[in-house]
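Undergrad: One predicted model, sequence on top.
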Amino acid sequence: MLYRSIFELLHMVGVVSFREFFGFDNPFSLTPEEKEKIWADQKELKQEVENIIKLFLMTSPTRLIILYGDWGSGKTHAMRYFTNEENLKSLSEPLHLTTPLAISLICPTNQAFNTLYIKIVEKIYPRLVEVVKVIDDSLGSLRDPRLLQSELSKYIENKNLVKVLSQVTDTRKEMLVEKYLLMTAKPTELDKLGVPRGISTYVDMIETLSNIFTFLMESNKYLKIIIWIDEGEHVFAMTGKDLLEFQTFLRDLIDHVPRNLLILINASLKPGQSVQEFVEYLGEPNRRRINRVISSPEMRPEEAIQYVKDYLQLLERNPFETNTIESTIAIIAEEAKNRGLALTPALVNAAFSVILDTAYFEKKDTITIEFINNIKDKLISATFSQYRYTTESLL
């Protein structure tokens, strides 16, 4: 028996990997990459978010934006794509502006004050250290802590924070500085830093964050900061106390950093749930601070087809015969409609991941309409299984 390639021979004995068989890894992941570089179709959503970021870069007022839509409609993908430094650079450089510092977070379900503060500090700390060291280097070879403190005081009001940050240039104390900011420094460690107490109250947290943001923005070539919060729908499950903490933190951060800050919140809504309900959960003060509410819309079948083709084009290898992608999308779109579901990137990713996995195990390096029809029941069952489990969990 003759084999068309060495890979087919190896595949017959179970040696060839997925990548070797198809010439690429499976691009249709169920969740976006942590640092997403690729955007496929959904051109209207991409353009809308790009416009928001460009306007933010070219103006100074702090903005609060809500992005809502069905689960799997591309909100997390948008967050990871637009918080990727390379993608932000491609937007800022043509405008001759500094690339913004982007922070992505998951909306906490409890202890909002501590959780949001700690997560923001963890993500911003490396940039903070970098900027302080650059300022220290600019002061010459004397390395006089008093000179550095004097320079930091031009941007930071809190004297204890100035004293602590001025010591980050000492490698022996850099860890202590981080522990101070993360509220984990022990009394003996605070003594080594020369401060009477640590950051312990909510007022301390907001004051520290606003001081750090102001310092970074004003000392670092007009740097702007983006905070993108995913899974904002967690507010629906919060206790009254936790919800109040989240509302207060959001309001106070906007009020204390009135310029050069962009906050975006993603919210996945259940069927029948309106974005107005989500906005109400943010509280009246935050509702009045919202600049814009945008949606991540349901995909049209032709958009879903282009979405798949865009991914495959980037891979420079398309194992699907002519019209096979179109036939597959027609099956998924019809099933989604029958179930009262939106056609989303998550559904498309799930479907094409099942197809590629099945084709690999059945040794089909070319995927035809006939193959899709043969696995139709399996394709539908696997693609929509997540919704069955979700429905059962709600009963």
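TA: Thanks, I have it. Numbering: from 1, shown residues only.
Undergrad: From here on, just use CA atoms for contacts and neighbour counts.
TA: Will do.
Undergrad: Endpoints of stretch 52-66, how far apart?
TA: End-to-end span of stretch 52-66 (C-alpha to C-alpha, to the nearest Å): 11 Å.
Undergrad: Give me the average confidence score over that stretch.
TA: Here stretch 52-66 scores 95 as its mean pLDDT.
Undergrad: May I have the predicted confidence score for residue 93?
TA: Residue-level pLDDT assigned to residue 93 equals 94.
Undergrad: same deal with residue 273?
TA: Confidence score, pLDDT, at residue 273: 88.
Undergrad: Equivalent analysis for residue 385, please.
TA: 81.
Undergrad: again, but for residue 16
TA: 76.
Undergrad: Is it in a helix, a strand, or coil?
TA: coil (DSSP: H, G, I helix; E, B strand; the rest coil).
Undergrad: which residue ranges form the strands in the stretch 201-350 of the chain?
TA: Assigned by DSSP state E, counting those that start in this stretch, the strands in the stretch 201-350 of the chain fall at 225-230, 261-268, 290-296.
Undergrad: cool, and the stretch 51-200 of the chain?
TA: Listed in chain order, the strands of the stretch 51-200 of the chain (DSSP E, counting those that start in this stretch) span 63-69, 101-106.
Undergrad: And the lengthiest helix in the chain, what's buried?
TA: Longest helix of the chain, by residue count under DSSP state H: helix 112-138. With burial defined by 16 or more other C-alpha atoms under 10 Å, the residues of helix 112-138 counted as buried are 112-118, 120-121, 124-125, 128-129, 131-133, 136.
Undergrad: Can you give the contact residues for stretch 124-144?
TA: 103, 147-148, 151, 165-166, 168-169, 178, 212, 216, 220 (C-alpha atoms under 8 Å, 6 or more residues apart in numbering).
Undergrad: and which of those residues is nearest to residue 255?
TA: Residue 255 lies nearest to residue 212 out of these, by C-alpha to C-alpha, at 14.6 Å.
Undergrad: My understanding was that the closest one contacts residue 158; is that so?
TA: No. Judged on C-alpha atoms under 8 Å, residue 212 makes no contact with residue 158 at a distance of 9.9 Å.
Undergrad: about what we covered before: need the winner for burial among the strands of the stretch 201-350 of the chain.
TA: Neighbour counts (mean count of other C-alpha atoms under 10 Å) averaged over each of these peak at strand 261-268, with a mean of 24.
Undergrad: Show me what that strand is packed against.
TA: strand 63-69, strand 225-230 (3 or more C-alpha pairs under 8 Å, 6 or more residues apart in numbering; DSSP states H and E).
Undergrad: Just the CA atoms of that strand, as PDB, please.
TA: Provided in PDB are the C-alpha atoms of strand 261-268 (Å, rounded to 0.1, in the frame of the first residue of the first chain):
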ATOM      1  CA  LEU A 261      -7.600  57.000  32.700                       C
ATOM      2  CA  LEU A 262      -9.800  54.700  30.600                       C
ATOM      3  CA  ILE A 263     -11.900  52.100  32.400                       C
ATOM      4  CA  LEU A 264     -13.800  49.500  30.300                       C
ATOM      5  CA  ILE A 265     -16.100  46.900  31.900                       C
ATOM      6  CA  ASN A 266     -17.300  43.800  30.000                       C
ATOM      7  CA  ALA A 267     -20.700  42.300  30.900                       C
ATOM      8  CA  SER A 268     -22.200  39.000  29.700                       C
END
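Undergrad: That strand - which strands sit beside it in the sheet, and in what orientation?
TA: strand 63-69 (parallel), strand 225-230 (parallel) (DSSP bridges).
Undergrad: Just want the angle from it to strand 101-106.
TA: Angle, strand 261-268 to strand 101-106, by axes from the mean of the first three to the mean of the last three C-alpha atoms, to 10 degrees: 30 degrees.
Undergrad: For strand 261-268, give me every contacting residue.
TA: The contact list for strand 261-268 (C-alpha under 8 Å, 6+ apart) reads 56, 61-71, 75-76, 224-233, 254, 278.
Undergrad: pLDDT below threshold where in this structure?
TA: 1-15, 30-38, 40-41, 142, 386-395 (pLDDT under 70).
Undergrad: chain center to stretch 80-91, what's the gap?
TA: With C-alpha atoms, centre = their mean, to the nearest Å as the basis, stretch 80-91 stands 11 Å off its chain's centre.
Undergrad: Same check on stretch 260-280?
TA: Worked out by C-alpha atoms, centre = their mean, stretch 260-280 lies 15 Å from the chain centre.
Undergrad: what's near enough to touch residue 158?
TA: So residue 158 contacts 208, 211 (C-alpha under 8 Å, 6+ apart).
Undergrad: quick one, phi psi at it?
TA: As for residue 158, its main-chain torsions (degrees, to the nearest 10) stand at phi -70, psi 120.
Undergrad: so what's residue 289 up against?
TA: 63-64.
Undergrad: begin at 571 from here
TA: Fine by me, first position is 571 from now on; the one you just mentioned is residue 859.
Undergrad: Could I get the phi/psi values of it?
TA: The phi/psi pair for residue 859 (degrees, to the nearest 10) is phi -100, psi 0.
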